[in-house]
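[1] Generate a structure from the sequence data that follows.
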Amino acid sequence: MYSPEWAATQFKGPALKIAFLTLLKLLSGTYFLLTSIYCLLAYLPYTYADVIMAPPYAWMPWFARWNAWLYWPILLALAVTCWNARTKIWYYFLFGALAVFGVVITVKPFMPHAQDNNATFFWSLIALLPLAATTIANILSDPFWRRKDETAGVLFEYGTALKVGISISLLYALSTMYSKYAAAHSFEMFQSAYDSELVGWSLVSHISIALIVLSVLNLIRMAAARNSRARALRLAFLAPLMVALLSWGLIRFLANSLSFVGWQAHFYAIYFAFTLTLFAIFVGAPFLTLTRAVLAHKGRRFLLGGLCAGMAIIAFLFPVIVGGADWNGMFQTTFTLIFWLVVAISFYAFRPQRRSYSLATVLGVLILTIFGYQALHASEILWGKPLGLTDDSIARSIDLYATRDTSFDLAHHLLGGGQTEVCGDLCRIMRVYANIRKPIVKNDVNLVSKFVPTTEPRPNIFIFVIDSVRSDYLGAYNPKVDFTPNLDKFAKDSIAIPNTYTQYAGTSLSEPAIWAGALLLHSHYQQPFHKIDGLEKLVEGDGYQMIVSWDVILRQILSPPPDIIKLDTDKPLWNNMEACSTVQQLETTLDNRTDTSRPVFFYAQPENVHQFGKNNLPKRTSENWRLRDGFNNRIAYELNQVDGCLGGFFHYLRAKNLYDNSIIIVTADHGDATGELGR
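    Sure thing, here's the model as predicted:
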């Protein structure tokens, strides 16, 4: 039904035809969904500055540049997936309109020039239209949903749901144990009552989710059982439920991770969830058309087992593969949802077993599961003593485990668990002022009423702003730290500021504030920035030779003198900036200076510790690193590397007799959460 005639001559059997067309659908859907997400990120001022103007991945600017040309093969793939409807008039109207749209964006492409304005938000919605329109037309014209369903009154059996919940729970618990082993090279899970309690609660949560979801599906099947078009009625019940759940999750993500709130955020979340639900039905419907003969094929169980095994291996390794480069768990959560769906369908298809339950039985299972879970949750002070002595300490232990076990984290939040950050009016005010777009600076802001160049000897100035470093990861502030010996020694030879704060928990806001030397309006790259750039005025006024690590933010805010020396111009991406390479270039530059009468002003913001940082430094192994209890292992190791490089630079300055007549500042732009409140 879904395969074109030419594909039928290429493949044998309906399963291979469906697999081929499913691949085309997934490619098409990925293209349109990614285009919409890219435009949304460009619309939001913060992500426009931090993701679009400074892409962390090389494929992002490539995708934007070639988006219009990629549209044509994607449109062809989409047309092939709908080939069976070529006899219908809507097919030609729809794809004719989409072809005209393709001509428009090819002649005048939008993506490479996307700005943080309302037009970009409009394009984030337009990008979903081809996918939404195609899926709606296919679903409405598909005779499958109008056919009589011989199994309309038969329900899913609960035994398989228990197997699904238990299997997923234990797999992710083992994955968490492996992730800990990969970081510490020692197995520590399941070795204490603490770990056993957490794994047990994860098991309860997964089973509860499985029973609740299955009960809802069974209720939907029962409600549609006596209707002649049971399939269509089930779809009418299930689709809005899926849209509601996806919208809820997207609204939470947009607010918590992107600070995108208000009617536009709600509209986008609902529209995206609506399109994604339709697309899921579009992709999944052909699998429901497989005949019983195909389902009974002797290789069916082998294929399903292979699919589950492959997905399980990916799920097992995914936390280690993704590592810290997963913004608030977005990639892992998305994959986990897909994994849940694939495993559940495969388990039921592996050994199809249906049961006839009464309405009272289904409602009883649903009610008992909900109340049973809530009762266990309310009595956690009794059974959760290994996790803590108070409700709050138990909740913190559970939430900490949830940051390592994505599947449990998802189940835990779906069941109403997890601590949430309450910010209220402060967050509302901050978000309002963070959405100011393209502010113009009209007047100069001077730190002093009249600037007069100094007549005193001018020291060299070296500023290192280590991105995302927390003070509790430095021995100068935390006696438990033993991995920053050079910085600790430097702190004893310096003035260590005991209480430091950042006004902004984001680099593209914090770094300009450092140069301005003052609290700024919550907006990115106010122009012309020179009017408020106190640090640059001081450097120019006192005749310093400016040497900077030329990162993407300085390119936006500096109006540098013609003799500025730019380091790290060989780095293709902002997250390639790292302290060791920068220090090597700086030492070479200082050695090759011809005019040594001018003092040096140097500034760098290395990204070694940043969660998206990528460099060529040695990776940690059990031979060169040991786990520090109570610290994020990645941050500790990468900060240790920075410590070694800066220690070498301090030694260089002493050897060149530059140390004593230099001001050296080591600081950070902000810190990062390592699981607190799920972040």
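
[2] roughly how far is the strand or helix carrying residue 160 from the heart of the chain?
    Per DSSP states H and E: residue 160 is located in helix 158-184. Taking CA atoms, centre = their mean, to the nearest Å, one finds the center of helix 158-184 at 22 Å from the center of the full chain.

[3] could you measure the residue sitting furthest away from the middle of the chain against residue 542, distance?
    In the chain, the residue that sits farthest from the middle, by CA atoms, centre = their mean, is residue 455; the gap is 51.6 Å. Distance, residue 455 to residue 542, by CB to CB, to the nearest Å: 10 Å. For glycine as for every other residue, the C-beta is placed from the backbone atoms N, C-alpha and C.

[4] What of residue 620?
    Counting by CB to CB - residue 620 and residue 542 are separated by 42 Å.

[5] And residue 272, by the same measure?
    53 Å.

[6] And the two? Which one has more around it.
    The neighbour count for residue 272 versus residue 542, taken as other CB atoms under 10 Å, is higher for residue 272 (23 against 17).

[7] for the more buried one, what are its contacts?
    36, 128, 246, 250 (CB atoms under 8 Å, 6 or more residues apart in numbering).

[8] And the strands in the stretch 251-400 of the chain, which stretches?
    Assigned by DSSP state E, counting those that start in this stretch, the stretch 251-400 of the chain shows strands spanning 354-355.

[9] Kindly report the same for the chain.
    In the chain, strands defined by DSSP state E lie at 155-156, 354-355, 460-465, 545-549, 565-567, 600-604, 662-667, listed in chain order.

[10] Using CSV, lay out those strands together with mean pLDDT and distance to residue 439.
    Converted to CSV, the strands of the chain look like this (pLDDT from 0 to 100; distance: least, CB to CB, whole Å):
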stretch, mean pLDDT, distance to residue 439
strand 155-156, 80, 56
strand 354-355, 70, 62
strand 460-465, 96, 23
strand 545-549, 95, 24
strand 565-567, 93, 27
strand 600-604, 96, 24
strand 662-667, 95, 26
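
[11] Out of those strands, which is closest to residue 223?
    strand 155-156 (11.6 Å; CB to CB).

[12] Show me what counts as buried in the helix holding residue 160.
    If you call a residue buried by 16 or more other CB atoms under 10 Å, then helix 158-184 has these buried ones: 158, 160-161, 163-165, 167-169, 171-180, 183-184.

[13] ok, now stretch 530-546?
    Buried residues in stretch 530-546 (16+ other CB under 10 Å): 530-540, 542, 544-546.

[14] now do stretch 544-557
    Those would be 544-554, 556-557, for stretch 544-557 by 16+ other CB under 10 Å.

[15] CA-only coordinates of it, as PDB, when you get a sec.
    Taking Å, rounded to 0.1, in the frame of the first residue of the first chain, the C-alpha atoms of stretch 544-557 are listed here in PDB:
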ATOM      1  CA  TYR A 544      49.300  48.700  25.600                       C
ATOM      2  CA  GLN A 545      50.100  46.100  23.000                       C
ATOM      3  CA  MET A 546      46.900  44.100  22.800                       C
ATOM      4  CA  ILE A 547      47.300  40.300  22.400                       C
ATOM      5  CA  VAL A 548      44.000  38.300  22.500                       C
ATOM      6  CA  SER A 549      42.800  34.800  21.900                       C
ATOM      7  CA  TRP A 550      40.500  35.800  19.000                       C
ATOM      8  CA  ASP A 551      37.300  34.000  20.100                       C
ATOM      9  CA  VAL A 552      33.800  34.400  18.600                       C
ATOM     10  CA  ILE A 553      32.700  36.900  21.300                       C
ATOM     11  CA  LEU A 554      35.600  39.200  21.000                       C
ATOM     12  CA  ARG A 555      35.000  39.300  17.300                       C
ATOM     13  CA  GLN A 556      31.500  40.800  18.100                       C
ATOM     14  CA  ILE A 557      32.500  43.300  20.700                       C
END
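
[16] picking that back up, could you measure the residue farthest from the centre of the chain against residue 543, distance?
    12 Å.

[17] before we move on, the earlier item: which one, of the strands of the chain, ends up nearest to residue 254?
    So among these, strand 460-465 is nearest, using CB to CB, at 29.3 Å.

[18] Tell me how many other residues crowd residue 500.
    11.

[19] and the closest residue to it other than its chain neighbours, what does it touch?
    Nearest residue to residue 500, sequence neighbours excluded (CB to CB, 6 or more residues apart in numbering): residue 471, at 6.5 Å. By CB under 8 Å, 6+ apart, residue 471 lies in contact with 477, 478, 500, 668, 671.

[20] Please tell me which one of these counts the most neighbours.
    residue 668 (22 neighbours).

[21] Can you verify my assumption that residue 563 contacts residue 545?
    Yes: using CB atoms under 8 Å, residue 563 makes contact with residue 545 at a distance of 7.1 Å.

[22] Tell me how far residue 211 lies from residue 527.
    On the measure of CB to CB, residue 211 and residue 527 end up 57 Å apart.

[23] Longest helix in the chain, please.
    helix 193-224 (DSSP state H).

[24] Could you name the helices and strands sitting against that helix?
    strand 155-156, helix 158-184, helix 230-258, helix 359-378, helix 391-402, helix 406-414 (3 or more CB pairs under 8 Å, 6 or more residues apart in numbering; DSSP states H and E).

[25] Dump these into TSV; add distance to residue 332 as well.
    Compiled in TSV, the helices and strands packed on helix 193-224 are given as follows (distance: least, CB to CB, whole Å):
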stretch	distance to residue 332
strand 155-156	27
helix 158-184	10
helix 230-258	13
helix 359-378	24
helix 391-402	12
helix 406-414	4
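
[26] and residue 626, which of the ones you listed is closest to it?
    helix 158-184 (8.2 Å).

[27] what mean pLDDT would you report for the helix holding residue 160?
    Regarding helix 158-184, the rounded mean pLDDT is 84.

[28] same deal with stretch 58-66?
    Mean per-residue pLDDT for stretch 58-66: 91.

[29] contact partners of that stretch?
    So stretch 58-66 is in contact with 34, 38, 51, 52, 55, 70, 111, 112, 114, 572, 573, going by CB under 8 Å, 6+ apart.

[30] change it to 7 Å
    34, 38, 55, 111, 112, 572, 573 (CB atoms under 7 Å, 6 or more residues apart in numbering).

[31] For that stretch, buried residues please.
    For stretch 58-66, by 16+ other CB under 10 Å, it's 60, 63, 64.

[32] Same question for stretch 578-585.
    In stretch 578-585, counting by 16+ other CB under 10 Å, buried: 578, 579, 580, 581, 582, 583, 585.

[33] Identify those among those that sit within helices.
    579, 580, 581, 582, 583, 585.

[34] Run through the residues that contact residue 449.
    Residue 449 neighbours (CB under 7 Å, 6+ apart): none.

[35] which residues of the stretch 51-200 of the chain score low on pLDDT?
    Scanning the stretch 51-200 of the chain for pLDDT under 70 picks out 143-153, 182-192.

[36] All the helices of it, residue numbers only.
    59-65, 67-81, 89-107, 118-126, 129-141, 158-184, 193-224 (DSSP state H, counting those that start in this stretch).

[37] ok, the closest residue to residue 24 other than its chain neighbours to residue 566 distance?
    Excluding the flanking residues, the one nearest residue 24 by CB to CB, 6+ apart is residue 77, at 4.2 Å. Relative to residue 566, residue 77 is positioned 44 Å away (CB to CB).

[38] Do you have the helices of the stretch 251-400 of the chain handy? List them.
    Using DSSP H, counting those that start in this stretch, helices in the stretch 251-400 of the chain cover 263-288, 292-295, 300-322, 330-350, 359-378, 380-383, 391-402.
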